[in-house]
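Enquirer: Turn this into a structure:
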Amino acid sequence: MSEIAVKKNHPKGLYILFATEMWERFNFYGMRAILTLFMVKALLYNHEFASKLYGSYLSLVYLSPLLGGYIADRYWGNRRSIIVGGLVMAVGELVLFLCGSFYHSAPQLSTFLFFSGLGLMITGNGFFKPNISSLVGQLYTKEDNRKDAAYTIFYMGINVGGALGPFVCGLVGDTGNPADFRWAFLVGGIGMCLSVIVQKLFQHKYVVNPQQEVLGLVPKNSPKAFSSTPIIVSGLIILAAVMIALFYLDSKFNYLFYLLTACIIIVPAIIFVDKSLTAAEKKKVAVIFVVCFFVIFFWGAFEQAGASLTFFADEQTKRDGLGLSVPVWIIVLISAALLYYVFTLFKKAGKTLASAFDKNLRLTVFGLLILFSAALVIGNIYLFSTHQTHVVLEEVPASWFQSLNSAFVVLFAPFFAWFWLKLGKNEPSSPTKMALGLLLLALGYLWIAQGVDGVMPGVKVSMIWLTGMYALHTAGELCLSPIGMSLVNKLSPVKFLSLLMAIWFTANAFGNKLAGVLSSMYPPGIAEIAKAKKAGINLSNILYNHIAPTVEEAQKLKSLEIPYTFKSFFGYQINTLHDFFMLFVFMAGAASLILFLVTKKLQKMMQAE
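Expert: Here you go, the predicted structure:
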């Protein structure tokens, strides 16, 4: 009975990684939620340039794990890489805070700080992301059927942070005053520091394999010189400078597509020429690369969340005039229920972590629960001190919509974890699940395309269209992203585990770069019309009544970086928001259909012996 119980429960190390990743995602998604808004409203970049920078930044964020995974495998180990990466990202957030403090008084300094801060975020993420993901799979044996469920639980941890980050950072930063964006960066940096603290305190004790061996230590054959502090610091400074330069250069020359293509050719070549790999292992690696190709199209559409969909939320979604009035007594009642739940968690933690071995973890959990309880009590005391009878919400910040995806993941993930296990022998293969994810993504865009059909710039639509779209996208994401991560871990030869996990993120990089390019095709709307109006130009007439601008108007629009023509994508004309969203319906739908058709072939390759 005890063996069965142990196998049903997940190792404590999973929850340490859960907490580490949760706070890092709080930082990442909180900053992402306000990034394009900061570029447009504080740095005064236009939609097209902001979209391309967004795509380049996220692309490098997911490309950098190639290098970080390699260094971890050969020299530093997972643990050191995670801690170093987290510290570098915390410094990056501090630099962005300074950028938000000086954008008005010293614009040139602010530009330098902006590219430097994002370059540091890219560098840190390269060390953090592939290493923590690869540790999850190592907590289990190859045959353990809990691995898919573990990745789903881990993915839920990602999205607890992803839900809280945009909400908290949007609350303090997206206030309507561009000067407040800096506080969002500062809050993100605090979350990153908490992530590093959790990893530093508990990784060595709890993140162990089934034989109770500590995971992620420095490789035994690693040269001692690479572990010295001067070498580590010098290497980080050089690498950060390179990443800053790469990010800045792409904003000028758009070279990343070529670099990403080179990675997709070179890395497989390195792996396939390795003579130690068997024919069966090479077939399994080939499956990873095929699946990653389709993942590019998923992220190209999905990652519109931080760019074009944020512009849509800000400009054409009815977020004000809600008049939502919540009686204070209801808030007090909810707070009391939460305090009771915290009390039950307190007792459960005391029982589960009762041993002397778990003392530090127990005290940490107790401390966090006490802090949460104190925050609830202080919040209620503040409400009473204001003598308010109701709390009124008049407007929802645009950045809050980016919490929807992660909030839906938290709601849906337990169901998906249960559902895949419940199907048993009838469970669809991983490629089939991923094809279903692409189909749900296409349906999400079909939903919002119907919501904006015939809607002109300046006319705002209900929040239900964005909300419904994010719900469908979340279901699709849960069919694809955690399943894909688990698939990579299952099929990867141990020698190339981190490198192949990094390839998964390279596909993400390609998709995110594509997302920025596609977002730059967002049709001119209310923001551009308003900006042109200040310059004395009727842009609405030019765009929708097909009145050609005068030479003087065209020169002025160009100098102000205001687009006055619609764009096309491989012959597909994008004149309206409906056209724009239907582009993603066609792209994701076609990818889904093709993946469904090849899934049986991929299954045979996965089962090669």
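Enquirer: Domain-wise, how is the protein divided?
Expert: Structural domains assigned to the chain are 2-322+394-523+566-606, 323-393, 524-565, following automatic domain parsing.
Enquirer: Contacts for stretch 519-526 next, please.
Expert: With contact meaning CB atoms under 8 Å, 6 or more residues apart in numbering, stretch 519-526 is reached by 47-49, 51-52, 54-55, 304, 307-308, 311-312, 315-316, 457-458, 539, 543, 562-564, 566-567, 569, 574-577, 579-580, 583. To be clear about C-beta, it is placed using only N, CA and C from the backbone, and glycine gets the same treatment.
Enquirer: Quote the end-to-end distance of that stretch.
Expert: Its first and final residues considered, stretch 519-526 spans 16 Å by CA to CA, to the nearest Å.
Enquirer: Buried residues of that stretch, list them for me.
Expert: 519-526 (16 or more other CB atoms under 10 Å).
Enquirer: show me the contacts for residue 232.
Expert: So residue 232 contacts 84, 226 (CB under 8 Å, 6+ apart).
Enquirer: For the helix ranked longest in the chain, give the mean pLDDT please.
Expert: What stands out as the longest helix in the chain, according to DSSP state H, is helix 107-138. For helix 107-138, the mean per-residue pLDDT is 89.
Enquirer: and if you look at stretch 546-566?
Expert: On average, stretch 546-566 scores 85.
Enquirer: same thing with stretch 462-474?
Expert: Mean predicted lDDT for stretch 462-474 stands at 94.
Enquirer: what sits up against it?
Expert: 302, 305, 309, 312-313, 317-319, 396, 401, 404-405, 408-409, 412, 440-441, 443-445, 447-448, 451-452.
Enquirer: what about 7 Å?
Expert: Applying CB atoms under 7 Å, 6 or more residues apart in numbering, the contact partners of stretch 462-474 are 302, 313, 317-319, 401, 404-405, 408-409, 412, 440-441, 443-445, 447-448, 451.
Enquirer: Contacts only, for the closest residue to residue 588 other than its chain neighbours.
Expert: Of all residues not flanking residue 588 in the chain, residue 442 sits nearest, at 3.9 Å (CB to CB, 6 or more residues apart in numbering). With contacts defined as CB under 7 Å, 6+ apart, the neighbours of residue 442 are 585, 588-589, 592.
Enquirer: which element is residue 442 on?
Expert: Using DSSP states H and E, residue 442 maps to helix 430-452.
Enquirer: Check which residues of that helix are buried.
Expert: Counting neighbours by 16+ other CB under 10 Å, the buried set in helix 430-452 is 430-449, 451-452.
Enquirer: what about it, distance to the chain center?
Expert: Taking CA atoms, centre = their mean, to the nearest Å, the mean C-alpha location of helix 430-452 is offset from the chain mean by 18 Å.
Enquirer: State the next helix or strand along the chain beyond that helix.
Expert: Next element after helix 430-452 (DSSP H and E): helix 463-491.
Enquirer: Surely residue 42 and residue 177 touch.
Expert: No - the criterion here is CB atoms under 7 Å, and residue 42 misses it with residue 177 at 9.7 Å.
Enquirer: Between these two, which has more neighbouring residues?
Expert: residue 42 (21 against 10; other CB atoms under 10 Å).
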